[in-house]
Every structure is written in C-alpha cells, then in structure tokens.
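*Asks:* Here you go, sequence then predicted model.
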Amino acid sequence: MEPTQSEMNILSNGKSHDPEGDLGMPMKTLPEEDQFDDNDGGRENEEFLPSADGEKQIRFKDFEGKTSFGMSVFNLGNAIMGSGILGLAYAMANTGILLFLFLLTAIAALSSYSIHLLLKSSGIVGIRAYEELGNRAFGIPGKMAAGIAITLQNIGAMSSYLYIVKSELPLVIQAFLKAESDSDLWYLNGNYLVIMVSASIILPLALMKQLGYLGYTSGFSLSCMVFFLSAVIYKKFQIPCPFDEYASNTTAHLSLNVSSHGHEYNNGLVHEDDDSHCAPRMININSQTAYTLPILAFAFVCHPEVLPIYTELRNPTQKNMQRVSNISILVMYTMYFLAALFGYLTFYGNVEPELLHTYSRIDPFDTLILCVRVAVLTAVTLTVPIVLFPVRRAIQHMVFPTKSFNWLRHIAIAVILLTIINMLVIFAPNILGIFGIIGATSAPCLIFIFPAVFYIRIVPKEDEPMNSVPKILGESGDVDFPRGDKLWTKAALENRSCSVADVGWYYAEAIGIDGAS
Ligand SMILES: NC(=O)C[C@H](N)C(=O)O
C-alpha cells in the first residue's frame, strides 16, 4: 500500500505544511518546539523516496540538495581539518608513535561510528539538525545541551583559527616586507589584520545561504593543508637533530643540543632531557600524555557539520553520507598521522604544542616555512565559514525555533558571531585557555556522548534491548522510507515519536501479514 500524497505531506515530526491538516480530519500537532526549520530556516517539508538503487533517500520539497559527492567530501574534510593538526606532533611526543597510532585509530573509528549513529538517528526520526535530535531524545534540555555544546565548541575552534591569523599574519607580512619587528605600522598589527580578514574574506563566505557553495573554498583550504604536510615531511630530512636554535646563532647561544641531564625550560614547557633525545619513542607516558585525548577529540570534531552537509547532498542517502564521512575521516586520519609523525621525527621531545612555532625557532625567516604559514593561515581562514554555519543554525533553533528563513536574521547572526569572536581574540586572548577546557568537554560530548545517548533514546529500550546486536551496530529501526512516510503518518496522528514497534507494524502491513493494522 503506497502512502497517499496527503500522507506524504506530513512532516516527519508530525507537522503538516497545511495547518489544518491534509487528511481532512482533525490532526494532533506536536508541541511547538518539535518544529524545525530547514536548512534555509524555512519550515521544512520532507519526503522519503527510494532512489534508483532502492536506497532510502530524503528529499525535501522546499529544498533539494545540489552539492556533489566530491564537494561534500571537501566540505566535511575542511570541517575536520583545522588548528587541531598543529597539536598532533606534540601529542605524539607525549605518547610515543605506537600509542599515538592506536589512539588516533581509535578516535577516528569512533568518530566514524558516531557519525553513523547520528545519521541513523536522523534517518529514524527524519530530522536534519543535531540540536533537533537532542530535542527528540530529551526535549528542550537535550536541544539546549546540543545547541550549547555546538556553540561553545565551534566558537572555540573559530577563535583558535582567528588567533592563528592574529599571531601569524603580522610575522608573515613582516618577513616578506623585511620590516623592523618593532615598527608600529598598521599592517603589522594583528588586531587590525584579524578584523580585516574577518570582514573581507570570512564574512562574505559566511553569508552564503548554503554550505554547498563553500565546496571550492574547502577544496582550496585542503590543498593548503596538503602543502603544509608536504613541507613538514620535507623539513624532516632537512633539519638535523639536534637542531640549533635561531636565537643561539644571534644572541646567548641557547642551543637545544642538550648534553647534560636534567630539565630544560623552553617557552614555559619543561622537557625531559635524556640520552635518546634524537631517537623516536614507541610508547611514552608523562604528565602531558593526558592532553592527547582532548587534542585528538578536538582534531576529529566535525559532527555539527555532518547533518547540514547531509541535507545538501545531491543524492542524500544514508549510505552516501556515510561514504562521504568515511572518506573524509580516512583522508584526514592519514594526513594527521603523517603530520604528527614527521613533525615528531623532526624535533622529537622538543616539539611545541603548536608545531609551526617550533620551525620558527630554527629560522623565522625561512621562505618555505613562511609559505607554509601562509598556507595554514589560508586554510584556517577558509574553515571559519564552515564552522560558523552550524552555530548559526543552533542559535536559530534555540532562539527562533518557529521562525522561517530571513536574510536579515541570517546576516545579523553571522555579523554578531564574528564580532564576538573578534573581540575574544583581540581583547581576551587568555580566554582561549578557558575555551581549551570547554573544547575538551564539548568535543567529547559532540563526538561520543550525544550521538550515543540520542541514538539510545530515539530507539527505545523496550523495542530494542540495549545489548541487542542491531542496537550496538546501529542497525536498529532500519526502515525503507516509503514505508517511513506511512509510519510517520501513524506516529503523527498518535502524537508521538516513531518507534521500532511502528516499523514492525508497518512492515507487517506492507507485506500483508493479517491483523497488522
Ligand atoms: N571543527 C572543529 O570543531 C575543530 C576541527 N576538527 C579542528 O581540528 O580544528
């Protein structure tokens, strides 16, 4: 039995475009907060249709995804890749190569699995926003928790990107122009530069109505990171170990060629000196090892961007989106490992939490390193609009849940967000440390905790026991979406969310088992 057109018009969360209801009968509506806006902020109306290959595919009547598979991989890759890559060599120095590889693999696999759970949950309830999954699972507290975690994590990430612009861009300009370091030229002032970059590059991109348009800039951003990686690999074979610090050639002969035993202080970091100074460690545990997990978790956060990218995918099947995610994660996993490995094998225990700084200690005017800095600056600058996108959505969902798309609101939120981030970076750079702590808490929430608990709540325990194989593998509630429409109609009329029992009900009815309905 095929669902009728009027049934198809019912939103997956039980809302009809027609407030009266198309069914010609009084329709119970879900609470106002269960409504959700589409990607453009307009009220959404979605259909679940079979694709040519019979897979489930979501089609939104008011919005049809146009972004190609490749562009979506670029966008998600760009969302994953950010300042996180600069901390990985330091993480490897504090874990050793093998332990790092193990942790990196574990986090990448968990990240992919949790995207699977997000996609699964979003498929089951037909929702395409992270916060709305929280809403579906826990009501307003769930929506707020997800919205706040997304906002904090992404504002923290954007601040760290703009902080790189503020601290690195003046040095790059100064080196290229061979200007005096103490000159007070306006174009060597990081604060002005960060405002200019925000206004001239980031804001116009952040005003795009859809994420898909950013595919080209994301591709360019990723190629900048490929250049960064190539330079890190090349430098490994160029820089000797132990290396001479630039300052040692000019001033107080502060060589890092440490021969004595004991502690060496370097930019506030204590390094253990040992005889194996230039030998890689396979496993290493010290007081800094604890930072590895937050660094890795931060590096793999892209989950707030997954559902918006899914929405805009041209052929939006769950399998396709999972493929987009797996490819992005696999490519980033490889780049992360290589950047960490070669960064570590260049400096060993002397690598700093921010890899680029360590190169500057050898020669701040090295042309290749200056170009690498420009590349990283470009990459992180082009990542800001992607990361801003879900924050604006989260704010819209939290503050204006019932409002449809409005250009003024769209622009105003972007301008306000960028202004706040600029002010944080200019006036309160120390607050970045606090954001580090927030990042360390909201990143694990967004990657591991929320997808799992939302999924567990969305597929109820009574229908699918916690330890059942389908639930653990994320296979619960698999429905073919043409049936899903019917299912939603039934769930909507009963004013409740859809459960696995409904799937059984409809499936039985569809294959003609007596008494199913
Ligand atoms: N998108 C984010 O929240 C952070 C990103 N994964 C990074 O490494 O910078």
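*Replies:* Arrived safely, thanks for sending.

*Asks:* Tell me the residues of the chain that contact the ligand?
*Replies:* 79-80, 82-84, 153-154, 157, 298-299, 301-302, 387 (CB under 6 Å from any ligand atom). C-beta here means a position set from N, CA and C on the backbone, and glycine is covered the same way.

*Asks:* ok, of those, which one's closest to residue 199?
*Replies:* Closest approach between the residues of the chain next to the ligand and residue 199, by CB to CB: residue 387, at 17.6 Å.

*Asks:* Quick check: residue 214 touching residue 208?
*Replies:* Yes. Taking CB atoms under 8 Å as the definition, residue 214 is a contact partner of residue 208 at 6.2 Å.

*Asks:* Return every residue with contacts to both of these two.
*Replies:* The overlap between the contact sets of residue 214 and residue 208 (CB atoms under 8 Å, 6 or more residues apart in numbering) consists of residue 385.

*Asks:* burial count for residue 415?
*Replies:* 15 (other CB atoms under 10 Å).

*Asks:* Spatially nearest residue to it (excluding sequence neighbours)?
*Replies:* residue 203 (7.1 Å; CB to CB, 6 or more residues apart in numbering).

*Asks:* What is the helix or strand containing that neighbour packed up against?
*Replies:* Secondary-structure assignment from DSSP states H and E places residue 203 in helix 203-206. Contact here means 3 or more CB pairs under 8 Å, 6 or more residues apart in numbering; DSSP states H and E; on that basis helix 203-206 packs against helix 367-399, helix 407-427.

*Asks:* for the last one, packing partners?
*Replies:* Spelled out, it's helix 407-427. In terms of contacts (3+ CB pairs under 8 Å, 6+ apart), helix 407-427 is packed against helix 140-177, helix 190-197, helix 203-206, helix 367-399, helix 431-444.

*Asks:* Mind listing residues that contact it?
*Replies:* Residues outside helix 407-427 that contact it (CB under 8 Å, 6+ apart) are 41, 155, 158-159, 162-163, 166, 191, 194-195, 198, 202-203, 206-207, 209, 388, 391-392, 395-396, 400, 403, 431-432.

*Asks:* Now do that helix against helix 190-197, angle only.
*Replies:* Here helix 407-427 runs at an angle of 160 degrees relative to helix 190-197 (axes from the mean of the first three to the mean of the last three CA atoms, to 10 degrees).

*Asks:* helices or strands up against the host helix or strand of residue 356?
*Replies:* In this assignment (DSSP H and E), residue 356 forms part of helix 355-362. Contact analysis of helix 355-362 by 3+ CB pairs under 8 Å, 6+ apart lists helix 88-93, helix 246-250, helix 318-347, helix 367-399 as its packing neighbours.

*Asks:* For stretch 137-150, buried residues please.
*Replies:* By 16 or more other CB atoms under 10 Å, the buried positions in stretch 137-150 come out as 137, 138, 142, 143, 144, 145, 146, 147, 148, 149, 150.

*Asks:* Excluding covalently adjacent residues, which one is nearest to the third one?
*Replies:* Distances taken as CB to CB, 6+ apart put residue 134 closest to residue 142, at 3.4 Å, once the chain neighbours are dropped.

*Asks:* Which residues are in contact with that neighbour?
*Replies:* With contact taken as CB under 8 Å, 6+ apart, residue 134 is in contact with 142, 143, 144, 145, 146, 147, 450, 454.

*Asks:* Now that we have those, can you turn them into TSV and tack on distance to residue 444?
*Replies:* Listed next are these as TSV, based on distance: CB to CB, whole Å:
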residue	distance to residue 444
142	17
143	19
144	18
145	13
146	14
147	17
450	9
454	15
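
*Asks:* TSV for those residues, including pLDDT?
*Replies:* Formatted as TSV, the contacts of residue 134 follow (pLDDT from 0 to 100):
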residue	pLDDT
142	94
143	92
144	93
145	94
146	94
147	93
450	95
454	94
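
*Asks:* how close does the residue nearest to residue 142 get to residue 403?
*Replies:* 19 Å (CB to CB, to the nearest Å).

*Asks:* now residue 125
*Replies:* Applying CB to CB to residue 125 and residue 403 gives a distance of 22 Å.

*Asks:* Same check on residue 69?
*Replies:* Residue 69 is 32 Å from residue 403, by CB to CB.

*Asks:* and if you look at residue 326?
*Replies:* Computed as CB to CB, the residue 326 to residue 403 distance reads 35 Å.

*Asks:* and if you look at residue 231?
*Replies:* For residue 231 relative to residue 403 (CB to CB), the value is 47 Å.
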